[in-house]
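J.: Provide a 3D model corresponding to the input given below.
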Amino acid sequence: MTKRYRKRFVLITMALLGIVLLIGFSFLYIYVRTNNAHSLENTMQQVVEPWDDPIEEMPPEKPDGDPAQDGDMPPDLPENGPSGPAPNADGDPRRQKQRRIGDYSIFTVFYNIPEDRISLLTENDGIDESTLREIIPKIIASGKQFSVLKEYRLVYYVDRDGDTCRIALTAASTLAANNIATLAVLILVYLASMAVLLPVCIRLSAGAAKPMENAIEMERQFVANISHDLKTPITVILANNSILKSNPELKTSEQSQWLDSTDDAAKNMMGMVEEMLELSSLEEQTQTVPLVNVRLSSVAEKCVLQMEGLAYDRGISIDARIQPYIYARATKEHAERICTSLLENALTYEPDGGKVYVTLNREKKKSILTVRNPGSVIPEEDLPHIFERFYRADKTRNIRQGHGLGLPIVKQITELIGANIDVKSEADTGTVFTVAFEAAENV
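T.: Below is the predicted model of the structure:
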């Protein structure tokens, strides 16, 4: 069961983390993609700005067979051009090589709208003149300064100054390649993050499943304990009834011992059921208990007096050192139940002829009640579990030692009224239960 729970925990946690990371990386990709576009736009803007004069002009296209006129020929350029371009590889100074800035190969053209005249500032081997004359009108007609011509797979930037347009062009594949590279890196980082988080989730699932495993173990122990504690009185009742049925000739006086034994077993079983119901009620109680100022000294003295008979039957003496006029914030019923249960527990585990110590005093803002029985020591490994239902440090289990519900009830009551209970057990001092109530003044 816990294995299935851990698998579900890992799957759900990894799914949630995966969704969160996916959303985060998606926003990051959109940001990087937008930033790449802005960076390219700024770069293309810088490319077209320095060039103020055309380098080479292309005259408007003439009908086929119409010989070019002398005025249509591009003018000869000075040796160093308007911005001083160096001759290209062919020795032609009239056109600058295609410019490469960063990851982008960018070429630029001038376009005079009224004259339909194109002037190349940088040469480009991928676009011929006819294609260029198809592209430029579409760029002008779009009205956009920076955009993409999808059919030609080109990115353009237009800087318009009156009737003249300076246009920068570059292949859209370069921008797409940068975006794809960014996407690939983010996918790798995403997968690496999920791979790192997987063992972390597995470790967390172990910690998350620990309370569940403890709860299952406690439930298993609870069923085993309650089965044992219910089986004993039921067995006694059935055995007594069997004896009475098999001996109908017994007189009433002779039947009394079996009837009394049955009565004791039924009362013992009823007492355990009542304790279980009380503990369940305390655990489910969510409302705050209205506290009052309780004279704890009187409560402790009353509880000691009630337990004197039980202590006398077993030869145990009670040494009570109760300071007068000690008050606490509690309820009288809960305070009596705490004192009675701790005294009863001490008398139960103290060997015959021993001694139990009860003290009550005030320390700063706390009223401290301690109950100590030096004749019994709880093993160290059992101390963390003594407030668990049906838990007994002594596994011998006899009826005199109760049902293992008294201390869990005391624990729930102390928490309900805002008090604290602690236990220490050492060979020199025995077992000491300490309850710290919130002190109150005499009113």
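J.: part of a helix, is R329?
T.: No: secondary structure of R329, determined by DSSP: H, G, I helix; E, B strand; the rest coil: strand, with no helix assignment.
J.: For the protein, give the strand that spans the most residues.
T.: Assignment by DSSP state E gives strand 430-440 as the longest strand of the chain.
J.: Please enumerate the strands of the stretch 201-350 of the chain.
T.: Along the stretch 201-350 of the chain, the stretches classed as strands by DSSP state E, counting those that start in this stretch are 292-295, 317-322, 327-330.
J.: which other helices and strands contact the helix or strand where T370 lies?
T.: Secondary structure here is read from DSSP states H and E; on that basis T370 sits in strand 366-373. The helices and strands touching strand 366-373, judged by 3 or more C-beta pairs under 8 Å, 6 or more residues apart in numbering; DSSP states H and E, are helix 296-313, helix 332-349, strand 355-363, strand 430-440. The way it works is simple: take the backbone N, C-alpha and C, and place the C-beta from them, glycine included.
J.: Kindly reformat these as a markdown table containing distance to D128 and mean pLDDT.
T.: As requested, these are arranged in a markdown table below (distance: least, C-beta to C-beta, whole Å; pLDDT from 0 to 100):
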| stretch | distance to D128 | mean pLDDT |
| --- | --- | --- |
| helix 296-313 | 104 | 92 |
| helix 332-349 | 98 | 91 |
| strand 355-363 | 99 | 94 |
| strand 430-440 | 94 | 93 |
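J.: In JSON lines: the ones you listed, plus distance to I413.
T.: Shown next, in JSON lines, are the helices and strands packed on strand 366-373 (distance: least, C-beta to C-beta, whole Å):
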{"stretch": "helix 296-313", "distance to I413": "13"}
{"stretch": "helix 332-349", "distance to I413": "5"}
{"stretch": "strand 355-363", "distance to I413": "17"}
{"stretch": "strand 430-440", "distance to I413": "10"}
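J.: hmm, back to that, so which of the strands of the stretch 201-350 of the chain is the most packed in?
T.: Ranked by mean neighbour count, the strands of the stretch 201-350 of the chain are led by strand 327-330 with a mean of 24 (mean count of other C-beta atoms under 10 Å).
J.: what are the pairing partners of that one, and which direction each?
T.: Note on strand 327-330: by DSSP bridges, its sheet partners are strand 292-295 (antiparallel), strand 430-440 (antiparallel).
J.: Turn these into TSV, including distance to Y31.
T.: TSV is the format used below for the strands paired with strand 327-330 (distance: least, C-beta to C-beta, whole Å):
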stretch	distance to Y31
strand 292-295	63
strand 430-440	57
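J.: Figure out which of those strands is closest to S242.
T.: Evaluated with C-beta to C-beta, those place strand 430-440 nearest to S242, the distance being 40.8 Å.
J.: before we move on, back to that, between the strands of the stretch 201-350 of the chain, which one is nearest to A215?
T.: Ranking those by proximity to A215 (C-beta to C-beta) places strand 327-330 first, at 30.2 Å.
J.: Contacts for that closest one next, please.
T.: 291-297, 335, 367, 417-419, 437-443 (C-beta atoms under 8 Å, 6 or more residues apart in numbering).
J.: Just the CA coordinates for that strand, please, in CSV.
T.: What follows is strand 327-330 as a C-alpha-only set of coordinates in CSV (Å, rounded to 0.1, in the frame of the first residue of the first chain):
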residue,chain,number,x,y,z
TYR,A,327,-4.2,27.7,41.2
ALA,A,328,-4.2,26.8,37.5
ARG,A,329,-6.1,27.6,34.3
ALA,A,330,-8.1,24.5,33.5
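J.: Please state the offset of it from the chain centre?
T.: The gap between the average C-alpha position of strand 327-330 and the chain average comes to 39 Å, counting by C-alpha atoms, centre = their mean, to the nearest Å.
J.: Now that strand: average pLDDT?
T.: Averaged across strand 327-330, the pLDDT comes to 93.
J.: helices and strands of this protein: which one has the lowest mean pLDDT?
T.: In the chain, the helix or strand scored least confidently by mean pLDDT, DSSP states H and E is strand 56-58, which has a mean of 46.
J.: Convert the C-alpha atoms of the one helix or strand L169 maps to to CSV, please.
T.: Secondary-structure assignment from DSSP H and E places L169 in strand 164-171. The C-alpha trace of strand 164-171 is given here as CSV (Å, rounded to 0.1, in the frame of the first residue of the first chain):
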residue,chain,number,x,y,z
THR,A,164,13.7,57.5,-50.4
CYS,A,165,13.7,54.2,-48.5
ARG,A,166,16.8,52.6,-47.0
ILE,A,167,16.1,48.9,-46.7
ALA,A,168,18.1,46.2,-44.9
LEU,A,169,17.5,42.5,-45.8
THR,A,170,18.7,39.3,-44.2
ALA,A,171,17.7,35.6,-44.4
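J.: just checking, what packs against it?
T.: Secondary structure elements in contact with strand 164-171, counted by 3+ C-beta pairs under 8 Å, 6+ apart, are helix 2-48, strand 104-112, helix 129-142, strand 154-161.
J.: and it, which strands flank it?
T.: With DSSP bridges as the test, strand 164-171 is paired with strand 104-112 (antiparallel), strand 154-161 (antiparallel).
J.: And the longest one, what's buried?
T.: Using 16 or more other C-beta atoms under 10 Å as the test for burial, strand 104-112 gives 104-111.
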